[in-house]
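1. What would the 3D arrangement of this be:
(2 chains)
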Protein chains: 2
Amino acid sequence: MKNRKLKIAFDVMGGDFAPHNELKAALSVSGKFSDEIELILVGKKDLITKSLNDLKVSTEKFSILEANDVITMNDDPTDAIKNKKDSSIFKGLEYHKNGNADAFVSAGNTGAMLAVSTVLLGRVKGVARPTIGSFFPSSQNTPVLILDVGANIEPKPRYLYEFAVMGSIYYKEIIGKNNPTIGLLNIGEEEIKGTEVIKETYSLLKQSSLNFIGNIEGRDIFEAKSDIVICDGFVGNVVLKFAESFLGLLKSTVKGYADKSLTNKLKVGMMLPVLKDVLKNLDYQNYGGVPLLGVNGVSIIGHGKSSPLALENMILTARDMINSEINLKIENALIN
Amino acid sequence: MKNRKLKIAFDVMGGDFAPHNELKAALSVSGKFSDEIELILVGKKDLITKSLNDLKVSTEKFSILEANDVITMNDDPTDAIKNKKDSSIFKGLEYHKNGNADAFVSAGNTGAMLAVSTVLLGRVKGVARPTIGSFFPSSQNTPVLILDVGANIEPKPRYLYEFAVMGSIYYKEIIGKNNPTIGLLNIGEEEIKGTEVIKETYSLLKQSSLNFIGNIEGRDIFEAKSDIVICDGFVGNVVLKFAESFLGLLKSTVKGYADKSLTNKLKVGMMLPVLKDVLKNLDYQNYGGVPLLGVNGVSIIGHGKSSPLALENMILTARDMINSEINLKIENALIN
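-> Numbers count the residues shown, from 1 in each chain, chains lettered A, B, ... in the order given. Here you go, the predicted structure:
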């Protein structure tokens, strides 16, 4: 497998800054990894050609898979499957499913990526429900993988157990840490805490061969008390969106302080460059997209606001997922 | 009612820094509000007497209700009801229940406060489940009241509706804003999103006379998109503890930055006093404890780490709850 180039289909219409950020990422990847990766750009041909011309890049550098529709961030995922078969997400995943590409990467509509990936690619053997995870920064300088963050809002205990298995394999292969720790998100540390679903999940995880450390609480996430946090998609989605709003609160608090007096304004003026530099370490973009785990293929989803660097990291995550044969490992772990 | 002094029983054994912070708060309140409030200190008499002597305060300044046991933060609430009847929480609430005090205030074990308050005081007519709320800071400079934050982890739609009614009355009377807005915490804005419980709650809130603005998401909390956020106690508890950990992450990120080089250390040294000053605006201690709503009495719970100022604000919240007859208003709103 390592002897041939990997073909990765890349949605250049997906993110909020498409196709600009996408093409910058594609150029960077093709410059650095041309012996490993062949990118197929998926999207409106005219737009891609024009944008490449604007960047003074030869259009022959990439193959293009034409897709003349776009699933927007506001489109309903179910409608998208039925009515947007000419969209970049549908076309790219179909291309991947038919074996023409080894993976598909998009910063587009997360719900549509989940739905279309599940319908077209199907599930890995042994997996009841695919899941979407997300990486959080932590005070320990290691990323924390939370799953599920929205794909399954009322999962059964068995599904949550499967998320832990998939997350564990993904964390090991992509972050490179053997036997990562698993925590079950709960309202207290004691085994008797939580809903019936959580208690049954606790019992499944305890009996498993996973590195389960027990219940963890909301305050333990940023402390990286466990490498992986298991929760239902309702809680995970609320926590993810809540976390993304912290920096906004900090920003407005700083602004409110500065607006109080001229002295404050001067103090903030001096502090701001340092604070911005500090906060770079909390940037989720370093982690290269969110994994969609359990679908029978490699489908990488990114944040709509992904920078060129984030998009580049997403493509490299796809490469690592293919090379490490994560799906085969998930299948082996779940059907034994 | 306004003509007589309010009697407020105050647990001086409750918080993490008891009795020190409690006695400082008691002294401040008795200095400023002696014409309005009479405090009854609840706890170990010897310890209180000794501590007052250390502070060079006459022990005659306060009446003392002797309680020789303490419910610790690690005690199980149910055990506490059975086996800790000589604890400050039990004794103080019993004193309140028997009409000897108009309210009870404690920064002790939250679960025990909820359990003992519910058992001893009973519920306000029309209330199925008492709830605990918490105030969050926001970028709009107005506090956001989230409930439930742990008392009810799998509430029925009717209970969630009642939380909204109680929260609305509390917010109006304590924060002083008429007709506060209510948001239902969900994973998307659309009415069709969420679990069955959430969808039914949406429908109850929509039909009510409350100022319901619809679903809100995790990112909307700190933006104060609604004054009040309704959620189950599982989600609310996770979000509350997660929020409290954000400053820890920021601190360790700043430290990590400073440790990288001497230049960074100097930059951080200059920034730190300003940053600390800025972050004071996010201090939850300004809001005077968390309301326990729906019990037939006035029981105010504070964070274990409450400062003297936070404890003082808790006592004043008790005063405001009594004077504004919140429980009567809740009863009227729910039994009509």
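2. Is the spatially most central residue of chain A bridged to anything, and to what?
-> Residue closest to the average C-alpha location in chain A (Cα atoms, centre = their mean): A:Val290, at 0.7 Å. Counting by DSSP bridges, A:Val290 forms beta bridges with A:Ile301.
3. State the distance from it to A:Phe17.
-> 18 Å (Cβ to Cβ, to the nearest Å). Backbone N, C-alpha and C define where each C-beta goes, glycine included.
4. Show me what the host helix or strand of A:Gly214 is packed up against.
-> Per DSSP states H and E, A:Gly214 falls inside strand A:211-216. If contacts are counted by 3 or more Cβ pairs under 8 Å, 6 or more residues apart in numbering or on different chains; DSSP states H and E, strand A:211-216 sits against strand A:181-185, helix A:196-207.
5. in the stretch 201-336 of chain A, which ranges drop under the pLDDT threshold?
-> A:284-288 (pLDDT under 70).
6. Please compute how far the one helix or strand A:Glu312 maps to lies from its chain's middle.
-> For A:Glu312, the host element (DSSP H and E) is helix A:308-323. How far helix A:308-323 lies from its chain's middle: 10 Å, per Cα atoms, centre = their mean, to the nearest Å.
7. Please enumerate residues in contact with it?
-> The contact list for helix A:308-323 (Cβ atoms under 8 Å, 6 or more residues apart in numbering or on different chains) reads A:1-2, A:6, A:8, A:10, A:15, A:21-22, A:24-25, A:28-29, A:33, A:36-37, A:39, A:102-105, A:107, A:173-174, A:284-289, A:291, A:298, A:300, A:302-303, A:306.
8. and the residues you listed near chain B, which?
-> Among these, no residue lies close to chain B (Cβ under 8 Å from any Cβ of the partner chain).
9. List buried residues within these.
-> When the contacts of helix A:308-323 are checked for burial by 16 or more other Cβ atoms under 10 Å in any protein chain shown, the buried set is A:6, A:8, A:10, A:15, A:21-22, A:24-25, A:29, A:33, A:37, A:39, A:102-105, A:107, A:173-174, A:284-285, A:287-289, A:291, A:298, A:300, A:302-303, A:306.
10. Inside helices: which ones of the residues you listed?
-> A:21-22, A:24-25, A:29 (DSSP state H).
11. Need these in CSV (columns: pLDDT).
-> Formatted as CSV, these follow (pLDDT from 0 to 100):
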residue, pLDDT
A:Asn21, 93
A:Glu22, 95
A:Lys24, 94
A:Ala25, 95
A:Val29, 95
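12. Nearest to A:Gly214 among the residues you listed?
-> Nearest to A:Gly214, judged by Cβ to Cβ, of those is A:Ala25 at 39.7 Å.
13. how many neighbours does the nearest residue to that closest one once chain neighbours are set aside have?
-> Residue nearest to A:Ala25 in three dimensions, not counting chain neighbours: A:Leu311, with 3.6 Å by Cβ to Cβ, 6 or more residues apart in numbering or on different chains. Close neighbours of A:Leu311, defined as other Cβ atoms under 10 Å in any protein chain shown, add up to 34.
14. For A:Leu311, give its distance to B:Ala258.
-> 31 Å.
15. Direction included, what does the strand holding A:Gly214 pair against?
-> strand A:181-185 (parallel).
16. mind listing what the nearest residue to A:Lys5 once chain neighbours are set aside touches?
-> Closest residue to A:Lys5 apart from its sequence neighbours, by Cβ to Cβ, 6+ apart: A:Glu38 at 4.8 Å. Residues counted as contacts of A:Glu38 (Cβ under 8 Å, 6+ apart) are A:5-8, A:63.
17. if I've got this straight, A:Asp42 is in a strand?
-> For residue A:42 the amino acid is Val, not Asp. Yes - counting by DSSP: H, G, I helix; E, B strand; the rest coil, A:Val42 is located in a strand.
18. surely A:Pro130 meets A:Val116?
-> No - contact between A:Pro130 and A:Val116 fails when scored by Cβ atoms under 8 Å: they sit 11.6 Å apart.
19. Settle it for me: which of these two has more neighbours?
-> A count of neighbours by other Cβ under 10 Å puts A:Val116 above the other of A:Pro130 and A:Val116, at 30 against 25.
20. State whether the more buried one is indeed within a helix.
-> Yes - counting by three-state DSSP, A:Val116 falls inside a helix.
21. how's chain A carved up into domains?
-> A:1-122+A:295-325, A:134-283 (automatic domain parsing).
22. Reformat the ones you listed as CSV; add distance to B:Asn211.
-> Shown next, in CSV, are the domains of chain A (distance: least, Cβ to Cβ, whole Å):
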stretch, distance to B:Asn211
domain A:1-122+A:295-325, 27
domain A:134-283, 22
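23. farthest pair in the ones in helices among the buried ones among the contacts of helix A:308-323?
-> Most distant of those, by Cβ to Cβ, are A:Asn21 and A:Val29, 12.6 Å apart.
24. A:Phe212 - nearest residue in space that isn't next to it in sequence?
-> A:Phe212 sits nearest to A:Leu205 (Cβ to Cβ, 6+ apart), 4.3 Å away.
25. who touches the residue lying closest to A:Leu185 once chain neighbours are set aside in this structure?
-> Leaving aside its sequence neighbours, A:Leu185 sits nearest to A:Cys231 (Cβ to Cβ, 6+ apart; 3.9 Å). The contact partners of A:Cys231, taken as Cβ under 8 Å, 6+ apart, are A:146-148, A:160, A:184-185, A:239, B:238.
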